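Trainee: sequence and predicted structure are below.
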Amino acid sequence: MQDYIDKNQVEISPETPANESRTFYIPHHVVKKQKNNNAKYRIVFDGSSHSPGHSSLNEVLEKRSNLFPEILATLLRFRLHKQAIICDGSQAFLQLTLNEEDRDATRFLWFRTEKDADGKTHLLNDILIYRFSRLPFGLIPSPFILSASLRELVSKNSDTYPLAAKQLEGNIFMDDFVMGVCTEDEASALYSEVKNLMALISLPLAKWATNSQRLRGKWQEENVEFKAITEVLGVKWNTDEDTFQMSDKDINQNLLKPATKRLLLKSVAKFYDPLGLFAPTILVGKILFQDTWLSGVQWDEILPPNIAKQWNKWISELSSLNNIGIPRWIGLSPSSDYSLHIFCDSSERAFGAVLHIRFQEGKTTKVQLLCSHNRLAPLKRITLPRLELMACLIGARLLNYICSNTSLDRNAATLWTDSTVALNWIRGDPNHWKTFVCNRTTEILHYTTPSQWRHCPGSQNPADHISRGISPTELSSLDIWWDGSDWLSQHPDNWPTESDSLKEIPQCTAETRKPKVQPLCTATFQPVINASYFSSYTRLLRVTAWILRFLNNCKSKHRLFQELTLDEIEKAKDYWILVVQKQCFPVEIKALEKSMPLPAKSKIARFNPFLQENNLRLGGRLQFAQVTSEQKHPLLLDGSHHFVQLLIRHTHVRLHHLGVRIVLSELRSNYWILRGREAIKRVIHGCLPCRLSKAPRGTQIEAPLPADKVTPCIAFSTTGMDFAGPL
């Protein structure tokens, strides 16, 4: 912490922040890393920590995309160059300055410090509020900001430092620089360009390492520290011998501990082998761990004797891996004529692929192991031909990955398998096979062509060892793993050839897709009787109830012979409601049964219907209304069905032949009839009593008017007026 303060990477915060909403206090703790007898301490700032109910700093910061290259891709490119150089940017994140308005978001608490006359730092009781003036490592956007800054630096100075720009464009992982060139002169020039380029942003470079003897001599003259044995992205590299080695894991100490499932997993997880160079040996530990799941042993239980015996034998032999050195440089020069060979294989326990590169060095043909990848077979049993096909898929993906991240040409690849069934699947039409085989062959043919696939004998397949595993003591002398099959270094005329018997394999037919026959007829729901034969709702229900009782008596030992009960009448009514819905809404019911959306043209889609006890009910928004469930979600019926018309007529008569609105209101307490108003009008219009009561009455013809009312005359012909008063 004092180092941060002395280098002005942190500063004392002002008493009042410029913006309260952009203020955050980051918790921190110390982490101790013990390596051999040395302990290294570092401070971790936890940007993901937060108080209950509040967001953490990392949750409100923008993450952005990951600009760093993948570790495997970087290591593959690292193996393609004769001269290799690595270095590390010292405190790379802390070389980037934070804007003034962003610094209060990185506050933290620490003690006031002072130094005595001897230069020792002492902590006082006062607690101060510090904040970062540089970019801290624990924030979620920090890796992106560092990568984007370095890319911008390289892009702006690519003309001045062309060699460094070409190497650093895709070979910087966090603060690790992984570079490679072909010659000693290029190595010296690359060192100078990289050092001068990083000096532009005052980024000191440390932990230098190289296999170039000339560059080592230059470093000794300049007093540059470098290591003979170091790590490249976690992989141990012996620069004197220019070989990769297995990192020391001290797993042998586990022999003194009780063998448990937890210890087994902990030991297997310690292996770091991104290139898959030691995959055959690591597979043994993975298989043993899978066996613990099959045995049902718990995490802290002692392993069964058969597993514990294999585990102790495997652990005791692991130290022999430290003596294996794999050449870092595969020996390929830019002018070399090369070809890629991917071998695929599977067993009942695992499957995978291994890639060898074959090239000419003068008149000599050499073969080198580049990388491999394998997986455990799933616990759910899969047939061996399918596992072989999955191994081929791993090989195709591995080829695609390597060619996409390096300069190697995919057209120079040949893929080998000892499975004749998988080979015939790949060479056939993917649509001819079942879904499992079809999907995988389609992806395989997306990365490769059928002509690139060839057959090799199982005994000459290097991938056999990453599907079955091999003990650590046998791995170092396993030439077929490190150098490929013997015939691979010979002329192609001596390579395995295919016999005519491979063209037709009976086992292939097991995965042939069967043609689907779509019937032209459709199933319909037929009721026990035809409702159109009845004109009475009550009589229809009673006849239906008698039929249902008869059917029940045929199936049951306890037969009924008394009069019909109300429960049987209700079941008959429920039966006809189900008949109406199945006949009128078959598509909708089938869609709802499969939890699929209703067709857009469905006449009930707008009602948001749902199924409840095989009945189709209306949706709606009355879930919390203080009414019965039948009123919230009434049954859906079609007004054109004969049973529904009988129901309407029965309700109309029961209500003493009232009008449309009253009948509709009564029915909607239990049913929602499509176009119900129109259906009720049709029924009432055909009701004879209603038509008789509303029929027009007869009218009486009036007699002729009297003659004196229609005969014209002058005034006062029949009427006089007395002007003189009474006589």
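Mentor: Looks like it came in fine. Numbering: from 1, shown residues only.
Trainee: contacts and neighbour counts: CA atoms only from here.
Mentor: Noted.
Trainee: please name the residues that touch the spatially closest residue to T183 that is not a sequence neighbour.
Mentor: Of all residues not flanking T183 in the chain, Q83 sits nearest, at 6.2 Å (Cα to Cα, 6 or more residues apart in numbering). Neighbour list for Q83: 180-184, 187, 210-212 [criterion: Cα atoms under 8 Å, 6 or more residues apart in numbering].
Trainee: wait, is S267 part of a strand?
Mentor: No. Per DSSP: H, G, I helix; E, B strand; the rest coil, S267 lies outside any strand segment and is helix.
Trainee: show me what counts as buried in the biggest helix by length in the chain.
Mentor: The longest helix of the chain (DSSP state H) is helix 384-405. Using 16 or more other Cα atoms under 10 Å as the test for burial, helix 384-405 gives 384-400, 402-403, 405.
Trainee: contacts for that helix?
Mentor: 73, 76-77, 342-348, 351-355, 372-374, 377, 408-410, 413, 415, 417, 419, 421-422, 437, 440-441, 443-444, 447-448.
Trainee: in helices, which of these appear?
Mentor: Per DSSP H, helices hold the following members of the contacts of helix 384-405: 73, 76-77, 421-422, 437, 440-441, 443-444, 447.
Trainee: show me the strands in the stretch 501-650 of the chain, by range?
Mentor: 610-612, 615-617, 635-638 (DSSP state E, counting those that start in this stretch).
Trainee: helices and strands around the last one, which ones?
Mentor: Contacts defined by 3 or more Cα pairs under 8 Å, 6 or more residues apart in numbering; DSSP states H and E place strand 635-638 against helix 566-584, strand 615-617, strand 671-674.
Trainee: quick one: end-to-end length of stretch 322-340, please.
Mentor: Terminal residues of stretch 322-340 lie 28 Å apart, using Cα to Cα, to the nearest Å.
Trainee: centre of the chain to that stretch, how far?
Mentor: 36 Å (Cα atoms, centre = their mean, to the nearest Å).
Trainee: do the same with stretch 14-29
Mentor: Mean-position distance between stretch 14-29 and its chain equals 37 Å (Cα atoms, centre = their mean).
Trainee: ok, and what's touching that stretch?
Mentor: By Cα under 8 Å, 6+ apart, the list of residues contacting stretch 14-29 reads 43-47, 49, 57, 101-102, 104-109.
Trainee: can you list the buried residues in it?
Mentor: 23-28.
Trainee: any chance of the residues you listed in JSON lines, plus secondary structure, pLDDT and distance to L636?
Mentor: Below are those laid out as JSON lines (DSSP: H, G, I helix; E, B strand; the rest coil; pLDDT from 0 to 100; distance: Cα to Cα, whole Å):
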{"residue": "T23", "secondary structure": "coil", "pLDDT": "89", "distance to L636": "59"}
{"residue": "F24", "secondary structure": "coil", "pLDDT": "90", "distance to L636": "59"}
{"residue": "Y25", "secondary structure": "strand", "pLDDT": "90", "distance to L636": "61"}
{"residue": "I26", "secondary structure": "coil", "pLDDT": "91", "distance to L636": "61"}
{"residue": "P27", "secondary structure": "coil", "pLDDT": "92", "distance to L636": "61"}
{"residue": "H28", "secondary structure": "strand", "pLDDT": "90", "distance to L636": "64"}
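Trainee: show me where the stretch 1-150 of the chain has its helices.
Mentor: Using DSSP state H, counting those that start in this stretch, the helices of the stretch 1-150 of the chain run over residues 2-6, 57-60, 71-78, 142-156.
Trainee: and the ones you listed, which is most packed in?
Mentor: Of all the helices of the stretch 1-150 of the chain, helix 71-78 has the most neighbours on average by mean count of other Cα atoms under 10 Å, namely a mean of 20.
Trainee: that one - contacts with which helices or strands?
Mentor: Judged by 3+ Cα pairs under 8 Å, 6+ apart, helix 71-78 is in contact with strand 176-181, helix 384-405.
Trainee: redo the ones you listed as JSON lines? Include mean pLDDT.
Mentor: Shown next, in JSON lines, are the helices and strands packed on helix 71-78 (pLDDT from 0 to 100):
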{"stretch": "strand 176-181", "mean pLDDT": "93"}
{"stretch": "helix 384-405", "mean pLDDT": "96"}
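Trainee: now the ones you listed in JSON lines, with distance to A308?
Mentor: Below are those laid out as JSON lines (distance: least, Cα to Cα, whole Å):
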{"stretch": "strand 176-181", "distance to A308": "40"}
{"stretch": "helix 384-405", "distance to A308": "28"}
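Trainee: residue ranges in this structure under the pLDDT threshold?
Mentor: 35-37, 248-255, 499-510, 515-525, 726-727 (pLDDT under 70).
Trainee: centre-most residue in it?
Mentor: Centroid check for the chain by Cα atoms, centre = their mean gives N439 as the closest residue, at 17.2 Å.
Trainee: and that residue, what is it in contact with?
Mentor: Per Cα under 8 Å, 6+ apart, neighbours of N439: P430.
Trainee: picking that back up, any idea of the angle the longest helix of the chain forms with helix 71-78?
Mentor: Orientation check (axes from the mean of the first three to the mean of the last three Cα atoms, to 10 degrees): helix 384-405 against helix 71-78 gives 60 degrees.
Trainee: sorry, back to before: out of the strands of the stretch 501-650 of the chain, which comes closest to D493?
Mentor: Closest to D493 of the strands of the stretch 501-650 of the chain, according to Cα to Cα: strand 610-612, at 69.8 Å.
Trainee: quick one: buried residues of stretch 613-620?
Mentor: Buried, per 16+ other Cα under 10 Å, within stretch 613-620: 615-619.
Trainee: other residues contacting that stretch?
Mentor: Defining contact as Cα under 8 Å, 6+ apart, one finds that stretch 613-620 is touched by 578, 581, 589, 607-611, 632-636, 672.
Trainee: closest to T160 among these?
Mentor: N608 (68.6 Å).
Trainee: what sits against Y272?
Mentor: Applying Cα under 8 Å, 6+ apart, we find Y272 in contact with 234-235.
Trainee: recalculate using a threshold of 10 Å.
Mentor: Each residue near Y272 by Cα atoms under 10 Å, 6 or more residues apart in numbering is listed here: 234-236, 246-247, 249, 278, 282.
Trainee: tell me the secondary structure of it, please.
Mentor: Three-state assignment for Y272 (three-state DSSP): coil.
Trainee: for N615, see how far away it is.
Mentor: Counting by Cα to Cα - Y272 and N615 are separated by 60 Å.
Trainee: again with A164
Mentor: Distance from A164 to N615, counting by Cα to Cα: 74 Å.
Trainee: what's the answer for L564, then?
Mentor: Taking Cα to Cα, one finds L564 at 24 Å from N615.
Trainee: do E678 as well
Mentor: 24 Å.
Trainee: with I229 instead?
Mentor: Per Cα to Cα, I229 is found 76 Å from N615.
Trainee: same check on N171?
Mentor: In terms of Cα to Cα, N171 sits 65 Å off from N615.
Trainee: likewise for S51?
Mentor: Plainly put, S51 is 50 Å away from N615 if you go by Cα to Cα.
Trainee: equivalent analysis for P472, please.
Mentor: P472 is 67 Å from N615, by Cα to Cα.
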